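# predicted model and sequence below, questions to follow.
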Amino acid sequence: MESSNKNVKIIKLAFRIVITSGLLLWVFSQIDFKEFWLAAKTARWEFLLAVWVTTLIRFWIRSIKMQFILRRQNCIVSVGTVFCASAVTSLYSMVMPGLLSTGVKWYILKKDTGKGTNVFSALVYNQLLTIIVMGIFGLVALVVSNPTSLAGIKRSWLLPAICGAVATAIIIACFLLLNRQIGSKIVAALKVLIRPFPSKMRQKGEEILEQVGIFQTAGASFHLLVTVITIIATPVMGIVVYVLSAKGANLVAPIGVFVWLAALVYVLGRVPMSIANLGIRESLLVSLLSLYGVEKSAALLMSMILFSRLVFMALVGAACQLYWLTKQKKSTA
């Protein structure tokens, strides 16, 4: 059984390596490296520091939000601990993509609070809310910017219409799902719908639905406050990071484009397809920004600046882990 699990993990890792390598090879085949080195020489590297500082602030605001959600689950933990747990998660996300790396944060917070189920509930709520908020912002940005009109696609109104309908449906579904009376019936119906799925998928789906049910008892003020903090910490500051990265690469594009690009990269980053989201981010920026007349070399440089913030937070996470290990050795000495 253990050997089969190891084989599955090896296959999954190999799959992510193949996807990452394939996407990066495609990106590099699109780049004129003479233009890229020129773009790198003329880059405004002072914006790189601004990206890193903004990322730190963004992580700290997220940590405040997570602490607030954990308190709702009767888990008392400091903002500093949540911040360090998030930074360490960034370190492991370099190998374990998307939702998989969240298990590291769960382990750290469970060890600190002693309440694994409560921490899991808080993490599920936080992840789902963040994905929903980013998704809605991205859909609205697509409605406003409508990239299909630039690509010369016929019936360019179709994409905005679909995006608007999906965004509206998601908002209505969230209101209904978080309503105590209606939401409980929806959760029960969804549990019935996932019964035909394989046992592991069904079990994971039921766990998530049960955790969502816990937050149906929270008041509207709680959900509103957490949503506002999520908007500030994720789409708003995420757009700031994208704009700063674009300025660093001397790249000009409408802000609305950065909104749906940031949302698309974030949502796809939750799917365990590549290593540290490499390849996905680069291919999206290089291909989609070209619709707005952006040089592919500048788009690649922007993606590298965006990737540097993940490396920066991974280094912060490594420092946090070393601090904890040193503290643990001193306490056991």
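Structure received.
# for the residue nearest to the spatial centre of the chain, give its distance to Phe258.
Nearest to the mean C-alpha position of the chain, by Cα atoms, centre = their mean, lies Tyr266 at 4.1 Å. To Phe258, Tyr266 is 12 Å away according to Cβ to Cβ, to the nearest Å. For glycine as for every other residue, the C-beta is placed from the backbone atoms N, C-alpha and C.
# same question for Val166.
With Cβ to Cβ as the criterion, Val166 and Phe258 are 20 Å apart.
# more crowded one of these two?
For Val166 versus Phe258, neighbours defined as other Cβ atoms under 10 Å are more numerous around Phe258 (24 against 15).
# so which strand or helix has that one?
Per DSSP states H and E, Phe258 falls inside helix 255-269.
# got it, and Asn74?
Using DSSP H and E, Asn74 falls outside every helix and strand.
# which non-adjacent residue is nearest it?
Spatial nearest neighbour of Asn74, excluding adjacent residues (Cβ to Cβ, 6 or more residues apart in numbering): Asn118 at 6.3 Å.
# and what of Leu190?
Leu209 (5.7 Å).
# OK, contacts around the one you found?
Taking Cβ atoms under 8 Å, 6 or more residues apart in numbering, we find Leu209 in contact with 187, 190-191.
# where in the chain is pLDDT low?
1-6, 9, 95-101, 150-155, 332-333 (pLDDT under 70).
# remind me, longest helix of it?
helix 296-332 (DSSP state H).
# next one: that helix to chain centre, how far?
16 Å (Cα atoms, centre = their mean, to the nearest Å).
# from the contact counts, what lies against it?
Where contact means 3 or more Cβ pairs under 8 Å, 6 or more residues apart in numbering; DSSP states H and E, helix 296-332 is packed against helix 33-41, helix 46-72, helix 79-93, helix 237-248, helix 280-289.
# can I get the ones you listed in a markdown table with distance to Leu224 and mean neighbour count?
Converted to a markdown table, those look like this (distance: least, Cβ to Cβ, whole Å; neighbours: other Cβ atoms under 10 Å):
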| stretch | distance to Leu224 | mean neighbour count |
| --- | --- | --- |
| helix 33-41 | 43 | 14 |
| helix 46-72 | 12 | 18 |
| helix 79-93 | 21 | 21 |
| helix 237-248 | 19 | 22 |
| helix 280-289 | 31 | 22 |
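# which one, of those, ends up nearest to Tyr323?
Closest of the helices and strands packed on helix 296-332 to Tyr323 is helix 79-93, at 7.8 Å (criterion: Cβ to Cβ).
# next, the angle from that closest one to helix 255-269.
Per axes from the mean of the first three to the mean of the last three Cα atoms, to 10 degrees, the angle that helix 79-93 makes with helix 255-269 is 80 degrees.
# which residues are in contact with helix 79-93?
So helix 79-93 is in contact with 59-60, 62-64, 66-67, 70, 101-102, 104-105, 108-109, 112, 276, 310, 313-321, 323-324, going by Cβ under 8 Å, 6+ apart.
# now do the helices in the stretch 51-200 of the chain.
Under the criterion DSSP state H, counting those that start in this stretch, the stretch 51-200 of the chain contains helices at 79-93, 102-113, 116-145, 147-150, 158-178, 180-193, 199-214.
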